[in-house]
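[1] After the sequence you'll find the predicted model.
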Amino acid sequence: MTMRDINQVKKIKKKKGADAIVLDTIVVLVISAFCLFCLIPFVMLVATSFETEINILREGYKLWPSQFTTKAYQMVFDAGQIGKAYGVTIFITIMGTLISMLVTIMLAYPLSINKIKYKTQVTFFIYFTMLFNGGLVPTYLLISKYLDMRNNIWVMIIPVLLNPWNMFMMKNFFRSIPEELSEAAYIDGAHDLQILRKVILPVSVPGLATIGLFYALGYWNQWYNAMLYIDHSSLYPLQYYIMNLTRSIDAIKEMARMTGQAIGSLPSNSIRMATTVVTIGPIIFIYPFVQKYFTSGIMVGSIKG
Amino acid sequence: MKKIKSLISLLLVTALCFSFTACSKSEKQETTSDTSGTTTEDSTATVAPAEDTTSSMPETTIKIRLMNEVVGIDKVVNEFYKRVADDPVLSKIKLDISYVQGADYGDKLTLAITAQEDYDLMFVGAWQGLNDKVRDGVFKDLSSYFNNDAYPGLQSAYSEDYLKSNSINGGVYAIPITETFEDIKGIVYREDLRKKYNLPAIVDNATYEQYLQGVSEHLDEEGLIAAWGVSSLQGMAEFKNPGYANLRKNIYGFPAGSMFYVALNEDGTKVIDAAVAGDDASHWANFPDGYNYDYASERYVDLNNYSKYINSDAISTTDDIRASFKAGLYAATYSTATEYLTYSDMADTVPNAELGFYVLDDAQRNFEPGAIVSNMTAWNFLCAPSWSTKTDAVMAFLDWLWSSKENHDLFQYGIQGEDWEPIGDNAYRILDAESYKMPGYSFTWNPTYIRYSESVINNDYTTKVFDYMYDMDTYTLGKLAGFSFDNSKVESELATMSTYYTDYKFDWAAYGDKTTDKIKEYHAACVDAGLEKVRAELISQIQAYLDAK
């Protein structure tokens, strides 16, 4: 920005009327209030995770703990399995996302090309699975009995490898890329895989980032398949491990109630908050890295429009 | 593109590293198991068999699935092996005990049954569709193992009456797991506050109300939310509940869409009538003296006199009301005798807190023999799946488990001197609460082998309550023991009525002076939903049961 530009900006600023200032103030206040609405629950969550159970019951949720304790975090980390659970979750998130993306792209791209035969039938075949599925019992029998995948880390990846919704989104994204690009490459002698790898994928980064994030979040939050098919706690993903941890506290309370044991004040509310902090921590950092692709994705759409 | 390539390569390398770390510990554990003969995982425990001393029985691994966390089972199983090393049969049995958390248990049980998973003994709760599963032929009839001289342990632990009360379709398809048939219901209250404000000793409902009134005048001083902490789960359902007194008069309560009060004649051979709150006088007219009017509605109206003492959010609160009481936020709350013991460390959170326990039923409070009319049925059971081929081994193990207090205590409390120690013949002290955890209610409990926890014997009154509760003379077998209502003919009516039963909050005294009108409204809704059909079906089935006796 040159000095001339700066002076112009200053002039414009000087020209701002009272109504504009009022408007700006209102906008800033509203946005600030919105930010507070987003931030306060999160601050409360973190504060509660460091609060004693008795104080939570007596004083409710606060923005700052009145009696600081790390008991809830000690319980989360003392159990000794959390590192392992993180390892399992990171493994299924990275491997799952990569393989899912590969499968999704390999299916979405051909379906986005007009010249492919039986495209409608294949599309319907996939769409059908969005409307109907085998149901829990047949799926369970298939995976546990016939495929013998119980207590196998891949059971948290393979059955959910392809999400039809994501596949259709990816397909539509590929369709939005001008056909002339691939035609030019075809004329230059490139075959379909080369076109996909060297022409389509480089211009599809926003779409890939979005779908990749969806898959990554899905795998990161994976617990249901673990609940169904995993018995060994060494293979528990983070979310199911955390779920079990809070449930085991409920079970301890239940056992104490049935056997008449005094067990003091176990962190119950605070451990829920602590586990939330522990589980959302890493995945929340992915957002800033992919945010720019969302923005560029929106811009691509606007230019085309 | 280059950046993406390098990013993907980086991700792949990272993933491989994590795959290595994620799998490495399991391998290590497996290696350990190879060398020591013991595999231990948090949720399962498999211990190698004792040395083969006989060829009379092939080496057999029995897989047992329990509900809720088991900790430290491998050392107990090892001890079991030591104890049975010389036994020609038991020394051939390997134990593989696993567990599933209670919240997932029902779903995983259904799936395990559907897939006929490799289990030989599994915990099944009565609320997990046990009767239906027995009807579907999922479990084996184990009758032949009980009252059988070849299984003396089972014979001594399971009396004929106990088994009969818990039989399904005339057979022992489910082994009952319980220590007693009733956990005495009462109110736990702050004895220190009662003394501080010179309130009379709580001996009946009138003095309890005086206590609530007295404490209510000092809520702010004492930092109390309300005098009486009531939860959203059950309201004041047990307070002034005529259930126990009814049973002693041959009136049985059946929650069939609505709470039906079914009156039998004196010798229990004929159904007099079945009535619900809001029924006209004709349905109550022939009930025994003292109960020949709509006393169910009268109670609902009466509860309004106590609403001023309870917390204002009683209907909606999701807080753990026991924890709130323990934090000193209420001066009284509902409790069972066993739950009452869990408050023994309350002085840690509320200095100088002293507690008292007020038993709600008059006859039980006076320790009258035979006062509890019970069906003597358990809620928890162990079942052997019909596809298991190892039931003989399972029953041999269970026979050993319940053949002596020593064997039973090993699995219930862990290693003596390490996890627990006995106090006399009838009590125990936990030495290390973390080293061994066994949810006895899903595996080991039996009325023959009772030990009180240390906190019971530290107090004369609780000892008296527990002695009374565990004494079989306290119980009278109900005339409808063994009867279960088959709701298949009135399924839709029951479903609709149950919704109304849940929606109307009479046990929370939610309607004040409009309670009577609300009961009429509720009753009219139930009539529209098919109340008379359910009533007729219930009477017919009970009468048929009595006729067949």
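    Yep, that arrived.

[2] For residue B:139, grab phi and psi.
    phi -120, psi 160 (degrees, to the nearest 10).

[3] Okay, now the unreliable bits of the chain?
    I'll assume chain A. Applying pLDDT under 70 to chain A picks out residues A:1-15, A:79, A:265, A:294-305.

[4] switch to chain B, that's the one I care about
    B:1-56.

[5] Break it into its domains for me.
    Domain ranges of chain B: B:6-180+B:377-464, B:185-236+B:310-367, B:246-301+B:485-548, per automatic domain parsing.

[6] Looking at those domains, which is nearest to residue A:82?
    Closest to residue A:82 of these, according to C-beta to C-beta: domain B:6-180+B:377-464, at 12.7 Å. For the C-beta atoms, the positions are set from N, CA and C on the backbone; glycine is no exception.

[7] Same list (the domains of chain B) but as CSV, adding mean neighbour count and distance to residue B:475.
    Formatted as CSV, the domains of chain B follow (neighbours: other C-beta atoms under 10 Å in any protein chain shown; distance: least, C-beta to C-beta, whole Å):
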stretch, mean neighbour count, distance to residue B:475
domain B:6-180+B:377-464, 18, 9
domain B:185-236+B:310-367, 19, 11
domain B:246-301+B:485-548, 17, 11
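
[8] Is residue B:440 in contact with residue A:259, as I believe?
    Yes - applying C-beta atoms under 8 Å as the test, residue B:440 and residue A:259 come out as touching, 7.0 Å apart.

[9] got the residue ranges for the strands in the stretch 301-450 of chain B?
    Ranges of strands within the stretch 301-450 of chain B are B:330-336, B:355-359, B:372-374, B:380-383, B:420-423, B:427-430, based on DSSP state E, counting those that start in this stretch.

[10] among those, which is nearest chain A?
    strand B:427-430 (7.1 Å; C-beta to the nearest C-beta).

[11] Excluding covalently adjacent residues, which one is nearest to the residue in chain B positioned nearest to chain A?
    Residue of chain B nearest chain A, by C-beta to the nearest C-beta: residue B:341 (3.2 Å). Nearest non-adjacent residue to residue B:341, counting by C-beta to C-beta, 6 or more residues apart in numbering or on different chains: residue A:260, 3.2 Å away.

[12] In contact with that neighbour, which residues are there?
    B:338, B:339, B:340, B:341, B:342, B:453, B:455, B:456 (C-beta atoms under 8 Å, 6 or more residues apart in numbering or on different chains).

[13] Work out the gap between the host helix or strand of residue A:167 and the centre of the chain.
    Assessed by DSSP states H and E, residue A:167 sits inside helix A:164-175. Centroid separation for helix A:164-175 versus its chain: 18 Å, with C-alpha atoms, centre = their mean, to the nearest Å.

[14] CA-only coordinates of the helix or strand that it is followed by in CSV, if you can.
    Per DSSP H and E, the first helix or strand lying C-terminal to helix A:164-175 is helix A:179-187. Taking C-alpha atoms only, helix A:179-187 is exported to CSV below (Å, rounded to 0.1, in the frame of the first residue of the first chain):
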residue,chain,number,x,y,z
GLU,A,179,-14.8,-30.9,-19.4
GLU,A,180,-12.5,-29.0,-21.8
LEU,A,181,-9.6,-29.5,-19.3
SER,A,182,-9.7,-33.3,-19.6
GLU,A,183,-10.5,-33.2,-23.3
ALA,A,184,-7.3,-31.1,-23.9
ALA,A,185,-5.3,-33.6,-22.0
TYR,A,186,-6.9,-36.5,-23.8
ILE,A,187,-6.0,-34.9,-27.2
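
[15] So which elements touch helix A:179-187?
    helix A:192-195 (3 or more C-beta pairs under 8 Å, 6 or more residues apart in numbering or on different chains; DSSP states H and E).

[16] what sits up against the helix it packs on?
    By C-beta under 8 Å, 6+ apart, helix A:192-195 touches A:110, A:113, A:182, A:185, A:186.

[17] biggest separation within these, which pair?
    Farthest pair in the contacts of helix A:192-195, by C-beta to C-beta: A:110 and A:185, 15.9 Å.

[18] Next, the contact list for the residue nearest the centre of chain B, please.
    Centroid-nearest residue in chain B, with C-alpha atoms, centre = their mean: residue B:379, separated by 6.0 Å. Shown in contact with residue B:379 (C-beta under 8 Å, 6+ apart): B:125, B:126, B:127, B:178.

[19] And the third one, its phi and psi?
    I take that to be residue B:127. Backbone torsions of residue B:127, given as degrees, to the nearest 10, read phi -80, psi 0.

[20] What values do phi and psi take at the residue nearest to it when sequence neighbours are not counted?
    In space, and not counting its chain neighbours, residue B:127 is closest to residue B:379: 7.1 Å by C-beta to C-beta, 6+ apart. Per-residue torsions, residue B:379: phi -100, psi -20 (degrees, to the nearest 10).

[21] So which bits of stretch A:112-130 are buried?
    Across stretch A:112-130, burial judged by 16 or more other C-beta atoms under 10 Å in any protein chain shown covers A:112, A:113, A:123, A:126.

[22] of all those, which two lie farthest apart?
    Farthest pair in the buried residues of stretch A:112-130, by C-beta to C-beta: A:113 and A:126, 15.6 Å.

[23] thinking again about what came up before, could you dump the strands of the stretch 301-450 of chain B into JSON lines with distance to chain A added?
    Formatted as JSON lines, the strands of the stretch 301-450 of chain B follow (distance: least, C-beta to the nearest C-beta, whole Å):
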{"stretch": "strand B:330-336", "distance to chain A": "8"}
{"stretch": "strand B:355-359", "distance to chain A": "11"}
{"stretch": "strand B:372-374", "distance to chain A": "18"}
{"stretch": "strand B:380-383", "distance to chain A": "10"}
{"stretch": "strand B:420-423", "distance to chain A": "12"}
{"stretch": "strand B:427-430", "distance to chain A": "7"}
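
[24] closest to residue B:404 out of those?
    strand B:420-423 (13.5 Å).

[25] Quick one: residues in contact with that closest one.
    Defining contact as C-beta under 8 Å, 6+ apart, one finds that strand B:420-423 is touched by B:409, B:413, B:414, B:416, B:428, B:429, B:430, B:431, B:436, B:451, B:454, B:457.
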